[in-house]
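Chemist: Provide a 3D model corresponding to the input given below.
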Amino acid sequence: MELVPERCTIEHAVLIIGLPKRTVQDMAARGELPGAAKFRRRWTFDINKLRKFVAEEERKTRRRGSALIARPRAATNPSYSGSGLRARNSTGSLRHMIQQWQRNARIRTDGQ
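Modeler: Sure thing, here's the model as predicted:
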């Protein structure tokens with residue numbers, strides 16, 4: 001009977017999750033990865049819990065994707081202009097910055 005390991009190293013976890021090693025380490029340290037444990041100075045992971053976590057993230061992504069398909073951005077966001085930018089807000093902010101710079105320039109030239 002062949003023994004199958006229950007835990008894996010960070011290198012194997014990286015292959016399962018598909019993220020860089022440092023990202024996996026950070027997620028484990030923040031408690032975001034179920035079954036992660038640090039023994040001495042090495043992260044180890046419960047393989048079954050890690051695979052279930054990935055499967056759940058896939059389900060969440062699919063649900064978000066179908067929600068976006070059901071509700072297009074233009075229908076749910078009145079400031080959406082179709083370009084991916086919030087034209088109303090960013091234009092207003094840009095205009096505000098330009099006006100502020102112009103006022104500051106006038107103050108400097110009038111004050112000298």
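
Chemist: Where do the domain boundaries of the protein fall?
Modeler: Domain assignment of the chain by automatic domain parsing yields the ranges 1-70, 81-112.

Chemist: could you dump these to a markdown table with mean pLDDT and mean neighbour count?
Modeler: The C-beta positions use only the backbone N, C-alpha and C, and glycine is treated the same way. Converted to a markdown table, the domains of the chain look like this (pLDDT from 0 to 100; neighbours: other CB atoms under 10 Å):
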| stretch | mean pLDDT | mean neighbour count |
| --- | --- | --- |
| domain 1-70 | 90 | 13 |
| domain 81-112 | 67 | 10 |
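
Chemist: which non-adjacent residue is nearest Pro20?
Modeler: Val14 (7.2 Å; CB to CB, 6 or more residues apart in numbering).

Chemist: residues contacting that neighbour?
Modeler: For Val14, the contact set (CB atoms under 8 Å, 6 or more residues apart in numbering) comprises Pro20, Lys21, Val24.

Chemist: and of those, the nearest to Ile98?
Modeler: Pro20 (40.3 Å; CB to CB).

Chemist: Could you report the separation of the closest one from Glu58?
Modeler: Using CB to CB, to the nearest Å, Pro20 is found at 19 Å from Glu58.
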